[in-house]
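> Here's a sequence, model it:
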Amino acid sequence: LRRIKISNFYSFSNEQEIFFTSETKYSSEKTFDYIQIDTKKNEYILPVTLLYGANASGKSNFVEIVNVLSRLLRRVNTSFDTKMPGNTFDKNSEPIALEFEFVVNDAIYNYSVEYSTSEILFEEFSTFNKNNSLKRLFVRRGSEVSWHKSLSVSKSIKDEVKERLCTRNDITVLEILNLRNLQPYSEAYGFLSKEKQTEILKTLYENTGLREKVLAFLNNADTGIVGLSVEKIPDKARLEFLKKWSENDMDKLNISEEIFYYPLFKHKGIEKKLTHREESHGTDRYLSILTTVLPMLLEEGGVFIADELDKGLHPLLMKKIIEMFHDKRINKCGAQLIATTHDVSIMSPQVVARDEVWFVEKDPEFGNSAIYPLSTLLGLPPSQVIIILERKCSATILLLFILSTFCNSDNLFITGANSSISDGV
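Residues are numbered from 1 along each chain as shown. From the prediction side, this is the model:
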């Protein structure tokens, strides 16, 4: 991901934009292995982006953007009256607006969509030419679609798109084109609509190589685990369970085949294998994260998005996860980590870069959220920082910690500045 822009989405009433590219003013400070795009010689994608903020500030709402877009792009096989995904700010009648700029196989795309509670009002899919100019492949307004004149989309497909939109104005053109496996639409669609990995144990059961890699990382994290196996519940017990539940019932209750698998852990010095119930919540969560991110890091690439990544994890494990994404010897495929967190212990220039930290905060009077980068607060005189911190009282202590970590002694926190800022707060 290079950029996301939103408006009228959950607690984000006004237009908000976040960039996942490295800021040029910090290019000389680059201490981690960033992701370089061949089509952008001087641009680097940040492998890690962390969002901080108080409880109920809107962090989880921001993470939900990706899930909402994924559901919006998978509506062809749903009924017409299925609710459109996402919610507007405070029942606002204005449409939700989402815009994603992203890279797939070194090609840069831009996808924008605006929609109401019942229909898609606007949709645009573009790419960038070699001279960096925007090339709009299609633009949709209501049920009318205009195509770029150089495109080789056949008349029959254009007619199919028109016919589908006449009967279903709640589905996207991008999804329709993906059904025809047309490029570059299918490539972009696959990136934006990818569902979250949920069958962790089933994946480990079927993929021996991945299981061995996960075990190596568990062992490296000093968990004491020296063996990992995944067992499958015997077919007889599985069939007995399935007799009681139809497929329809399982879908309604969100039950997947994941329940038929269970892990066993072998610890050094202990003969008995332990179940996941006998392991700590942190070990269980670290196992799930490793199973999801290692294929991204080592083989596939992609974006791993997590709400409250630090939940249940020791700070050292948080640090190890971030280090994986920063190290190109592990992150061979340019995977990205985007996560919300409350863990300030990892806020160190040795762990994350300045431009990898963003804040989300909610206006206490109007209830709308805003997002902004840490870099906007750096290099300011102490008096101005005091004013900003007083205005952002919900995140004051956090910001003081961040600023004291990232600002050098002859910039912000010079002799006597600590006491003046504390007095101001």
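
> Next one: the residue most central in space within the chain from Ile4, what distance?
With distances taken as CA atoms, centre = their mean, the residue of the chain nearest its centroid is Ile305 (2.8 Å). Distance of Ile305 to Ile4, given as CB to CB, to the nearest Å: 11 Å. Yep, even glycine has a C-beta here, placed from its N, CA and C like the rest.

> And the helices in this structure?
Ranges of helices in the chain, per DSSP state H, are 59-72, 155-167, 173-179, 185-192, 200-206, 208-220, 235-244, 247-252, 281-295, 315-326, 382-391, 396-406, 417-424.

> pLDDT on the third one, on average?
Put plainly, it is helix 173-179. The average pLDDT within helix 173-179 is 96.

> residues of it that come out buried?
Residues of helix 173-179 classed as buried: 173-178 (neighbour count, 16 or more other CB atoms under 10 Å).

> contact partners of that helix?
Here helix 173-179 makes contact (CB atoms under 8 Å, 6 or more residues apart in numbering) with 73-76, 111, 123, 125, 138, 140, 145, 153, 157, 160-161, 164-165, 185-186, 188-190, 192-193.

> mind checking how far it is from the chain centre?
Distance of helix 173-179 from the chain centroid (CA atoms, centre = their mean, to the nearest Å) equals 23 Å.

> again, but for the fifth one
Taking the mean C-alpha point of helix 200-206 and that of its whole chain, the gap between them comes to 22 Å (CA atoms, centre = their mean).

> neighbours of Phe138, just the number please.
20 (other CB atoms under 10 Å).

> repeat for Leu264
15.

> Test my guess that Val360 contacts Ser60.
No. When contacts are counted by CB atoms under 8 Å, Val360 is not listed as touching Ser60 (9.3 Å).

> Touching both of those two, which residues are there?
With CB under 8 Å, 6+ apart as the test, Val360 and Ser60 both reach Thr340.

> When the two are compared, which one has more neighbours?
Neighbours per residue, other CB under 10 Å: of Val360 and Ser60, the larger number sits with Val360, 25 against 17.

> contacting residues for that one?
Val360 neighbours (CB under 8 Å, 6+ apart): 51-53, 57-59, 62, 340, 369-371.

> What separation is there between the nearest residue to it once chain neighbours are set aside and Asp222?
Once flanking residues are discounted, Val360 sits nearest to Gly53: 3.8 Å by CB to CB, 6 or more residues apart in numbering. Separation of Gly53 from Asp222 (CB to CB) stands at 31 Å.

> When the two are compared, which one has more neighbours?
More neighbours surround Gly53 than the other of Gly53 and Asp222, with 25 against 11 (other CB under 10 Å).

> And the more buried one, how far from Leu287?
28 Å.

> so Glu124 touches Arg141, yeah?
No. If you go by CB under 8 Å, Glu124 and Arg141 don't touch, sitting 9.3 Å apart.
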